[in-house]
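# predicted structure and sequence below. I'll ask about it afterward.
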Amino acid sequence: MIQFTLSFVQIFWDMILNEIEAPIIARVAQPGQFVILRANERGERVPMTVADTNPEKGTTTVIFSVLGRSTALFKALQEGDSYQNVAQVQDFRGDSPI
């Protein structure tokens, strides 16, 4: 599943707010759960905490710090670029509603 980056805002030094087009996730996810993101087909699967959802727009917002190679790849994405395989919503116990 490929999801597109709708907005990408640097909110502090290496802290990024990213709104992602993900209608299925936006319908079921709640803040505090997490999604698995990959910057490209060969990228590492990175769990990102869901900061906000908008089911009407079909968007999910994540906030992350650039700390390593994978998050640096995420930061390099621009509005309109896509993530690979955004498919999972889980809570801290590992339960997945989708």
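Ah, there it is. Numbers count the residues shown, from 1 in each chain.
# going by C-alpha atoms from here, please, whenever you check contacts or count neighbours.
Fine.
# low-confidence ranges in this protein?
For the chain, the stretches with pLDDT under 70 are 1-3, 85-98.
# longest strand of this protein?
strand 2-12 (DSSP state E).
# name the next helix or strand downstream of it, please.
strand 15-21 (DSSP states H and E).
# I'd like the next helix or strand past that next one.
helix 23-28.
# then that next one to PDB, C-alphas only?
These are the backbone C-alpha positions of helix 23-28, laid out as PDB (Å, rounded to 0.1, in the frame of the first residue of the first chain):
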ATOM      1  CA  PRO A  23      -8.000   6.700   4.600                       C
ATOM      2  CA  ILE A  24      -8.300   3.200   6.100                       C
ATOM      3  CA  ILE A  25      -5.900   4.000   8.900                       C
ATOM      4  CA  ALA A  26      -7.600   7.300   9.600                       C
ATOM      5  CA  ARG A  27     -10.900   5.600  10.100                       C
ATOM      6  CA  VAL A  28      -9.700   3.200  12.800                       C
END
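# same for that helix, what does it pack against?
Judged by 3 or more C-alpha pairs under 8 Å, 6 or more residues apart in numbering; DSSP states H and E, helix 23-28 is in contact with strand 46-54, strand 59-65.
# how far away from the center of its chain is it?
Centre-to-centre, helix 23-28 and its host chain are 12 Å apart (C-alpha atoms, centre = their mean, to the nearest Å).
# of all the residues in that helix, which ones are buried?
Residues of helix 23-28 classed as buried by neighbour count (16 or more other C-alpha atoms under 10 Å): 23, 24, 25, 26, 27.
# give me the neighbour count for residue 34.
Around residue 34 there are 23 other residues, counting by other C-alpha atoms under 10 Å.
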